[in-house]
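Peer 1: how would this look folded up:
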Amino acid sequence: MDHSVLTFNGFPISVNTYIHGIHQTIESLLSKIHTLFRGCAYQDILRHIDEGLDPTPPIPKWFLDHPTESRCRYSFFEEPRNGFQELRPRLLHHLMNSSEFFNSQGIPKPGAIINWLGELDKVVSDLWALLQSTWGGSPRGTEISGILYANHPQNTRNLLILNGLPSIFTQYSKTQHNQGHGNGIVRTPAYPIARILILVLALPFWAAAHLGCCSGMAKSSCQRYLYEIFVLGGMTAKSKRLSTILGNWTYEKIGKSLKLADFRQFNSTLMIHATSTTLDDPEEIDPRLASAHQQFGHSVRIGQRHYGVQQDTSITRLSADAVARMQQASKTWHQFINLVHPSLAKIIKQEEVFTQLNLILLKTHAILSSHHHLLLQLLLLTCYFGYSQIQSNLVYNNATPIYSNLRRAAVHPSTRLALERALGRGRFPGFTSQEQAELINSVGSSLHVFGIIETGGGKSMAFFAAPFLLPDALFLVISPLKALTDDLKHRLRETGIAGGVWPSREVHWDTAQLVLVSVHHAAGQDFFNLLQSPPIKLRLRRIFFDEAHKIPTDIMYRPLFRVIHHLCRTGVPITFLSGSMMPRIIPHVLRIMKIEDVALVDEIRRDTGRPNLKYSIQKTKDDTHHEELVDFISHQLSTLASHERGMIFTESRAQADQLGQELGIPVYHALLSQDIKTAAATQWRNGLLPQDRFIAATEAFGAGINEPHVRIVIHSNPRSLTSYLQETGRAGRDGLPSSCFTLYSRIPPPLSVEHIEETGDPAGQMEMRDTLQTIDCIRLTFQCMDRRSHSCASLPSAELCSNCENLATVRILSSPNTLYTHINRYLTLLQLLTIPGPISHWSQIQLIPNSPFHSPSESVV
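Peer 2: Residues are numbered from 1 along each chain as shown. This is a model prediction of the structure:
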């Protein structure tokens, strides 16, 4: 194998020298172990270990292990079939009978025992260096310090027998920010190191746990040898010490000290170049390369950016299974450093007998396939973007009226004071936006106002501040949801505003300033007759419809239409509040309310999406959707702090109930009794246990919930964009970054043209289809809500959506000639690679100029 030289921070490192240092350390370690055993026989134990590690035996004798066994001190050493229970005490008995460590009366010699423990420390140090350099993927110090080979009362073990191979499983917690949980990584030591590791843990560590007590070592220190892998002098080897050991070892072997961080970068570059290849975007076309990067706990793009550019062209076959892929990545690395099992070495040698023609065909296929794949992607993307532009022109540029009042009244200074009093704070924090200020100020106007402000933008302050602007007036708030009415009632008590929730005896109409009414009560004739009474009619200044986007869609509003539009004829202006009302729906609402004079209408609109929300969409299989959803939520349960909350919006009440049973989380939906719903909401708000901090609910719970610290919102198969934006808007109301995850197995069904023309699709069902399927920025699909849209990258300090994080291929389309350029390159390359002639002529064929894969001086083979 043709190894090369890597330059690290200007220092040249010979790969052959590095590999030779590994083999040299193995020989030195075997010598130290021989000394450590003090004449105790152990070759038969090594043969026993070798039989358990043989990957190709006629009759498998692999070690038995139960990874899910949580019993304290359990490890594969405890399995009777593995045969270690009789073997482990051998070295201890040998040393106890040695005059070097005990006199004739059986009294220990502490000095000799301490010296022996020091020799064991050197063995452990060499083992650490060998494991770090050979197990495929260098872990971080915090990831590896304190790892266990046997279950501890506080933690489960990391050393497992998986697929017949000793493997060490760790988790890297930094990835929780992006994925919601730590990345699990399986690393497999090379065969020569694995056999030594098992030998040392089985016998010397067993002996050290007992002899340490005879040298004055604390009992807790002695017990570490019964659980932990990296123990030095009875103490857990911390990250700093492990880094120092690694630095000393690399300085001795390659002439430069590489501590943990530097060694990870060096080993990452070397391993990835040695095990995989790519001629295109590796995460798109080669999951095997991604597996090699995964061993280092980072993505391919991070690896390319920080750990070198992919250039090597060797291809490795890896299993599709996650664990097997990681183990295969390690085994491929073992092959590169010549540390595979002897029986596998023979097979590998046979498989490497290729003719020159076979190699040429493999490389030719790789190059041609790469260009072919890229060309198809470009064609698909070009067609998609062209279709999107045509659709946008047809749907969104069809002269939807704009109702914004160009001569809107100036915001009066008293509006600031009214908001400060409504908030109940001693210091005015400022309006959340100029749109909020204008919306509150519009309370005193005679116009019908559409206040469309993003969820969390403070639109409810319009009616809470109204009594402080006009103390003698009466204002009504009509709400479609019981949960919303309850929440507003709670806030009414906090502000000290006179009023209440009708029907109730606490409402005194002669002094009430703000009265909250649910839709099913407002639709009654009694309520309408009440409003016609002169004392109330004289004081009624404005009616607020909260969640007004439900007017065209919610069945609870329909009985109200027969009576409520009469209020408009009496001159009472109405404010329609929503966080997700599409511009094309406003004409439908005006027709329903029989508001004909558009000169009396003002539209105050602010962009729907909030920059601090990260939108992530993941496709699942229909038959495994529920299992994937449960697994995803399970990983999220432990991620929230005690004051943070999560919400799960289900596609049905039955699914909410099922999630509640399987995960032990509170459930809220319309079919539950009021006592159960109240208890669920209280349990969620208190959040005493991790599972209490999530709630599975339908949209009945989502709207109007104003918890500031909702950090995660999860959707299962959402059906309308209006509800989706309302519900995701519950996250991050404190302004901190928050995540909105969507798992879908199917998209909403398409609507007929007739239905769209008749209703306008007020729920945004067709737009929800686009949101789920788009390969472009997710925020751009919100255009139907805001008359305009902006991508994540164009918004200051915005969280990138999952699509924007994966738009590397889309950047190819930045040049209008790029597609034609790649078509020309593909055809040219195809012509070159089909030129007939002897094999020797291949070496003369040059790639096309400006190829992204080779310089003009490089040949194909």
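
Peer 1: So H549 is in contact with T722, correct?
Peer 2: Yes. Under the criterion of C-beta atoms under 8 Å, H549 makes contact with T722 at 5.1 Å. C-beta here means a position set from N, CA and C on the backbone, and glycine is covered the same way.

Peer 1: Show me the common contact partners of those two, please.
Peer 2: 580-582, 762 (C-beta atoms under 8 Å, 6 or more residues apart in numbering).

Peer 1: Quick one: distance of stretch 401-416 to the chain centre.
Peer 2: Between the centre of stretch 401-416 and the centre of its host chain there is 42 Å, according to C-alpha atoms, centre = their mean, to the nearest Å.

Peer 1: just stretch 757-767 next, same as before
Peer 2: Here the centre of stretch 757-767 is set off from its chain's centre by 32 Å, with C-alpha atoms, centre = their mean.

Peer 1: Tell me which stretches of the stretch 201-350 of the chain form strands.
Peer 2: Along the stretch 201-350 of the chain, the segments classed as strands by DSSP state E, counting those that start in this stretch run 231-232, 235-236.

Peer 1: who touches the last one?
Peer 2: I take that to be strand 235-236. 145-146, 221, 224, 228, 230.

Peer 1: how about I198, what does it touch?
Peer 2: For I198, the contacting residues are 49, 166, by C-beta under 8 Å, 6+ apart.

Peer 1: Quickly name whichever of the shared contacts of H549 and T722 is closest to R73.
Peer 2: Closest to R73 out of the shared contacts of H549 and T722 is S580 (56.4 Å), distances taken as C-beta to C-beta.

Peer 1: Might one say that the closest one is in contact with M785?
Peer 2: Yes. S580 is in contact with M785 according to C-beta under 8 Å; the separation is 6.0 Å.

Peer 1: hey, what's in contact with both of those two?
Peer 2: 608, 721-722, 725, 764.

Peer 1: The residues you listed in strands, which ones?
Peer 2: Among those, none falls in strands (DSSP state E).

Peer 1: Who wins on neighbours among the residues you listed?
Peer 2: Using other C-beta atoms under 10 Å as the neighbour criterion, G764 leads the shared contacts of S580 and M785 with 30 neighbours.

Peer 1: which residues touch that one?
Peer 2: For G764, the contact set (C-beta under 8 Å, 6+ apart) comprises 580, 582, 720-722, 724, 784-785.

Peer 1: and if we set it to 6 Å?
Peer 2: 720-722 (C-beta atoms under 6 Å, 6 or more residues apart in numbering).

Peer 1: Distance of F37 relative to E119?
Peer 2: The gap separating F37 from E119 is 10 Å, by C-beta to C-beta, to the nearest Å.

Peer 1: If you count surrounding residues, which of those two has more?
Peer 2: Each of F37 and E119 has its neighbours counted (other C-beta under 10 Å); F37 has more, 20 against 15.

Peer 1: Okay, domains of this protein per the record?
Peer 2: Using automatic domain parsing, the domain ranges for the chain come out as 13-257, 413-605, 613-806.

Peer 1: is it fair to say V572 lies in a strand?
Peer 2: No. Using DSSP: H, G, I helix; E, B strand; the rest coil, the secondary structure at V572 is coil, not a strand.

Peer 1: Could you check how far it is from S446?
Peer 2: Taking C-beta to C-beta, one finds V572 at 10 Å from S446.

Peer 1: higher neighbour count, the two?
Peer 2: It is V572, of V572 and S446, that has more neighbours when counted by other C-beta under 10 Å, with 17 against 11.

Peer 1: contacting residues for that one?
Peer 2: Taking C-beta under 6 Å, 6+ apart as the test, what V572 contacts is 540, 543.

Peer 1: What does it show for phi and psi?
Peer 2: Main-chain torsions, V572, degrees, to the nearest 10: phi -80, psi 120.

Peer 1: now S479
Peer 2: Main-chain torsions, S479, degrees, to the nearest 10: phi -120, psi 140.

Peer 1: With E420 instead?
Peer 2: phi -60, psi -40.

Peer 1: What is the neighbour count of it?
Peer 2: Neighbours around E420, by other C-beta under 10 Å: 17.

Peer 1: same question, R610
Peer 2: Going by other C-beta under 10 Å, the residues that sit close to R610 add up to 22.

Peer 1: can you redo the contacts of G764 as CSV with pLDDT?
Peer 2: Shown next, in CSV, are the contacts of G764 (pLDDT from 0 to 100):
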residue, pLDDT
S720, 91
L721, 91
T722, 87
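
Peer 1: Specify which member of the residues you listed is nearest to P535.
Peer 2: Nearest member of these to P535, counting by C-beta to C-beta, is T722, at 37.8 Å.
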